[in-house]
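*Asks:* Let me see the structure of the following:
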Amino acid sequence: MHKLIRVFRHVSYPSWWLRRVLPGSSLDRIGKAVADSEAHHGAEIRVALETSLGWRSLLQGETARQRAEGVFTSLRVWDTELNNGVLIYLLLADREFEIVADRGLARVVEQAEWERLCRAMEAHFRAGQHEKALLYGIEVIGKRLGTLYPHLANDANELPDRPVIL
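*Replies:* Residues are numbered from 1 along each chain as shown. Take a look at the predicted model:
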């Protein structure tokens, strides 16, 4: 029954719903927050937003985590010089956030830390603070990355700052 409810929820969300929850002005502020954060550390943050999954993914039982890992790969977040890219992924229909960190970060930050942050972001989201949820996540990740990867003067911006809508 739960699987059927999930399928219904995903097919009932039109693709434009994400723009209603996070309009262009929000995406601009989120992109600016990523750029501002990256000015203080030598890692990369990428934000990906998706309204719902397709039929095939739903029928196969793909989870938000599995989808986030696929998006991490397709957006080449893993392809940073220091292997220190982080993906923040939102699957709107499930109201779930996932954080996928590259192998350089995975060695020093436990997955449980990322999961706690995702639950905090989801609490903001459920309270109707959609933009704040993402800004909070970027802030917390940025502070953590600042301790692990201090900013270097010649640090290149390897990934786009503006969120991508899938």
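*Asks:* Need the contact partners of the least confident helix or strand in the chain by mean pLDDT.
*Replies:* Least confident helix or strand of the chain, by mean pLDDT, DSSP states H and E, is helix 2-12 with a mean of 82. Here helix 2-12 makes contact (CB atoms under 8 Å, 6 or more residues apart in numbering) with 52-53, 55, 58-59, 61, 93-94. Any C-beta I mention is one placed from the backbone N, CA and C, and that applies to glycine too.
*Asks:* ditto for stretch 19-30
*Replies:* Residues from elsewhere that reach stretch 19-30 (CB under 8 Å, 6+ apart): 47, 49, 92, 130-131, 134-135, 138, 162-163, 165.
*Asks:* out of the contacts of helix 2-12, which are buried?
*Replies:* Neighbour-count burial (16 or more other CB atoms under 10 Å) is assigned, among the contacts of helix 2-12, to 52-53, 58, 93-94.
*Asks:* Now, those residues that are in helices?
*Replies:* Secondary structure from DSSP state H places residue 58 of the buried ones among the contacts of helix 2-12 in helices.
*Asks:* Could you pull out the helices in the protein for me?
*Replies:* 2-12, 17-21, 24-38, 55-59, 64-74, 103-106, 111-126, 130-148.
*Asks:* Distance to residue 88 for those - can I get that in TSV?
*Replies:* Below are the helices of the chain laid out as TSV (distance: least, CB to CB, whole Å):
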stretch	distance to residue 88
helix 2-12	20
helix 17-21	14
helix 24-38	9
helix 55-59	20
helix 64-74	9
helix 103-106	13
helix 111-126	8
helix 130-148	5
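*Asks:* winner for burial among those helices?
*Replies:* Mean neighbours per residue, mean count of other CB atoms under 10 Å, is largest over those for helix 130-148, with a mean of 19.
*Asks:* name the helices or strands packed onto that one?
*Replies:* Applying 3 or more CB pairs under 8 Å, 6 or more residues apart in numbering; DSSP states H and E, one finds that helix 130-148 contacts helix 24-38, strand 44-50, strand 85-91, strand 96-101, helix 111-126.
*Asks:* quick one: residue 10 from residue 63, how far?
*Replies:* Here residue 10 is placed at a distance of 12 Å from residue 63 (CB to CB, to the nearest Å).
*Asks:* tell me the mean pLDDT for stretch 156-166?
*Replies:* Confidence for stretch 156-166, expressed as mean pLDDT, is 90.
*Asks:* still on that earlier bit, out of the helices of the chain, which gets nearest to residue 83?
*Replies:* Closest to residue 83 of those is helix 103-106 (CB to CB; 3.5 Å).
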